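1. pasting the sequence and the predicted coordinates here, then a few questions.
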Amino acid sequence: MLLIRAYATIVPSLNDLFCVVFNNLNNEAMNQNVSYPADELQSLETKLDVLINQYKHIKVENVSLKTKQDTLVREKAKLLEKTTLARTQVEAMINRLKAMEQNS
């Protein structure tokens, strides 16, 4: 019986001690701006949402830039073709002028 009374007086004391220690740790954590796992998860979730939105925006922008690049490449090819044609025509005119000059 004495052992049960001793245990009964020790257990509440340990429980009280645990509560005091836990409260002190909790207060220290709050004073030092230590976040709890739920806060960290929320923060990570928010950051992940931001990254996903940035990824989607960049993906759309990338598709747009690829489309513009394809258009510019086609335009460049057309311009090179026109330049080559113009060069050929100018060279032909120069050759005709030289021929006319030699015949006169």
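-> Yep, that arrived.
2. any stretches of the protein with poor pLDDT?
-> Across the chain, the ranges flagged by pLDDT under 70 are 1-36.
3. domains for the chain, by residue range?
-> The record assigns the chain these domain ranges, following automatic domain parsing: 1-34, 43-104.
4. in the protein, where's the longest helix?
-> helix 37-103 (DSSP state H).
5. give me the helices and strands touching that one, please.
-> Helices and strands touching helix 37-103, by 3 or more CB pairs under 8 Å, 6 or more residues apart in numbering; DSSP states H and E: there are none. Backbone N, C-alpha and C define where each C-beta goes, glycine included.
6. all further residue positions should be reported with the first residue as 196.
-> Renumbered: residue one is now 196, and that last one reads helix 232-298.
7. distance check, Val258 against Asp234.
-> 37 Å (CB to CB, to the nearest Å).
8. ah, wrong one, I meant Arg269
-> On the measure of CB to CB, Arg269 and Asp234 end up 53 Å apart.
9. and for Arg291?
-> Going from Arg291 to Asp234 by CB to CB gives 84 Å.
10. check Met295 too.
-> Using CB to CB, Met295 is found at 89 Å from Asp234.
11. repeat for Met288
-> Using CB to CB, Met288 is found at 79 Å from Asp234.
12. same question for Glu256.
-> Distance from Glu256 to Asp234, by CB to CB: 33 Å.
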